[in-house]
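[1] Quick one, fold the following:
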Amino acid sequence: MKSSFFCEISRNSIKMTNNPFVRFIGFVVLCFIAQLAAAQPNTDPVGARFANGIAAIVEERIITVGDIRREIEPLLPQIRSQSRTEAEFRKNLETVEDDIIQNLTDQILIVKDFYSDEKRQIPNSFVENEVKERIITQFEGDRSKFLEYLRAIGKTPREYRDIVREEIVVGYMRSQLRKSQSIVSPVKIEKFYDENQERFYQGDSVHLRLIRLAQLADENKAVLEQTADTIIGQLEAGASFQELATQYSQDTRKGQGGDWGWINREDLKPELADVAFSLEKATFSEPIRTESDIFILYVEDKRDAGVQPLIEVRDQIERLLISQMARDAQERYLERLRRDGYVRYFN
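    Model prediction:
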């Protein structure tokens, strides 16, 4: 396939001379060179199965092996590490290539659908702002690094802007689909809850607040002990655990008054879980000492094992159903575009 392609080029090239003998010799030599080139092993695993470097034609656009390579190169180390043999690597590589080709195909079809309505346009200023933002976030604001990247992927700044414009279009169209599926009826939520009760089963749990005192590198442990004693004294005097957590705790929930919400036993380290689940409702613990930290726990509420009430999981179910509806709507949309558009795959 490859050699005949080069021979065709050779025929066209040697038509430039009028000497029949030279034309004949030139044709033989060029075809011989083409055969040698075709016989060379392809050491690049990406897109090796695609003749002449073309993976697909979508509408008037060609998806090339180069397009696939740009998408897949960052994933190659992961694909390689997850493959035990070379054969498995090739198989996994082809699977990812197919996913990329499908994604690129869908993008082209979505962009075409967007512009089928002449009123829909993406302002140039919007694209320019997005390019500038990417230069800042992806290339540390260094335009020379950005241009070096473009050279590496074989794109001009204008071509890159076109890519960004299309990505903006695809993002917009997908977001419109999500918005169209943003309302779930209470009946659907209740039906899902009734049919999937096992998903909402929980073991014993506590609504936990905690104060964590962390020892700094140059800090004496005695300072932590003294702070813990101070906190216990204030709690015994009736101070608010929430306010003390905001003041003293050294963790990510400090701003929420040390509130970690409902916690199952397995969510905690054993030394903390044993104490937390032994406390009564609305009581606090003595200081719990670990190698470098001191913890003080407060159990705001307790709950026995069982199915969570609908009121507690309603928002969770609603988000899940919206996500599911959006995926279904997107798949129906893409199936229509694929059915109505021109798509031809090569492999």
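
[2] So Ile63: helix, strand or coil?
    strand (DSSP: H, G, I helix; E, B strand; the rest coil).

[3] which residues does it form a beta bridge with?
    Per DSSP bridges, the residues bridged to Ile63 are Ala56.

[4] Look up how far Leu337 lies from it.
    According to Cβ to Cβ, to the nearest Å, Ile63 stands 15 Å off from Leu337. Yep, even glycine has a C-beta here, placed from its N, CA and C like the rest.

[5] Settle it for me: which of the two has more neighbours?
    More crowded of Ile63 and Leu337, by other Cβ atoms under 10 Å: Ile63, with 22 against 17.

[6] what about that one, distance to Val187?
    For Ile63, the distance to Val187 - Cβ to Cβ - is 44 Å.

[7] Same check on Leu321?
    On the measure of Cβ to Cβ, Leu321 and Val187 end up 11 Å apart.

[8] Between these two, which has more neighbouring residues?
    Taking neighbours as other Cβ under 10 Å, Leu321 and Val187 compare with Leu321 leading, 17 against 8.

[9] would the more buried one count as being in a strand?
    No. Using three-state DSSP, the secondary structure at Leu321 is helix, not a strand.

[10] which residue packs closest to it, ignoring adjacent ones?
    Val184 (4.7 Å; Cβ to Cβ, 6 or more residues apart in numbering).

[11] That neighbour contacts Arg319, correct?
    No. The criterion here is Cβ atoms under 8 Å, and Val184 misses it with Arg319 at 9.1 Å.

[12] out of these two, which sits in the busier spot?
    Val184 (18 against 11).

[13] Which of the three states applies to the more buried one?
    State at Val184, reduced to three classes by three-state DSSP: coil.

[14] Tell me who's in contact with it.
    Applying Cβ atoms under 8 Å, 6 or more residues apart in numbering, one finds that Val184 lies in contact with 318, 321-322, 325.

[15] Show me which of those residues are buried.
    Buried members of the contacts of Val184, counted by 16 or more other Cβ atoms under 10 Å: 318, 321, 325.

[16] Could you name the specific helix or strand carrying the last one?
    Following DSSP states H and E, one finds Met325 within helix 310-340.

[17] Show the residue spans covered by the strands in the stretch 101-250 of the chain.
    201-202, 205-214 (DSSP state E, counting those that start in this stretch).

[18] So which of those is nearest Ile72?
    Comparison of these against Ile72 by Cβ to Cβ identifies strand 201-202 as nearest, at 41.4 Å.

[19] helices or strands next to that closest one in the packing?
    strand 306-307 (3 or more Cβ pairs under 8 Å, 6 or more residues apart in numbering; DSSP states H and E).

[20] re earlier: determine which stretch of the strands of the stretch 101-250 of the chain is the most buried.
    Each of the strands of the stretch 101-250 of the chain was scored by mean neighbour count; the highest is strand 205-214, a mean of 22, by mean count of other Cβ atoms under 10 Å.

[21] That one pairs with which strands, parallel or anti?
    Strand 205-214 has these strand partners (DSSP bridges): strand 259-264 (antiparallel), strand 293-303 (antiparallel).

[22] For it, what does the pLDDT average out to?
    The predicted model gives strand 205-214 an average pLDDT of 96.

[23] quick thing: my sequence starts at 13, can you match it?
    All set: I'll call the first residue 13, so the last point we hit is now strand 217-226.

[24] And the contacts of it?
    Contacting residues not belonging to strand 217-226 are listed as 236, 239-240, 243, 253-254, 256-257, 260-263, 265, 269-277, 284, 288-289, 291, 304-315 [Cβ under 8 Å, 6+ apart].

[25] quick one: the most centrally placed residue in the chain from Tyr357, how far?
    For the chain, the residue nearest the mean C-alpha position is Leu87 (12.5 Å; Cα atoms, centre = their mean). Distance of Leu87 to Tyr357, computed by Cβ to Cβ: 21 Å.

[26] Val58 now?
    Noted for Val58: a distance of 16 Å to Tyr357, by Cβ to Cβ.

[27] ranges for the helices of the stretch 113-262 of the chain?
    In the stretch 113-262 of the chain, the helices defined using DSSP state H, counting those that start in this stretch lie at 136-151, 155-165, 169-192, 198-207, 233-248, 253-260.

[28] Now do the same contact list for Glu85.
    Each residue near Glu85 by Cβ under 8 Å, 6+ apart is listed here: Val58.

[29] ok, it to Lys124 distance?
    To Lys124, Glu85 is 27 Å away according to Cβ to Cβ.

[30] Please consider this matter closed, and thank you.
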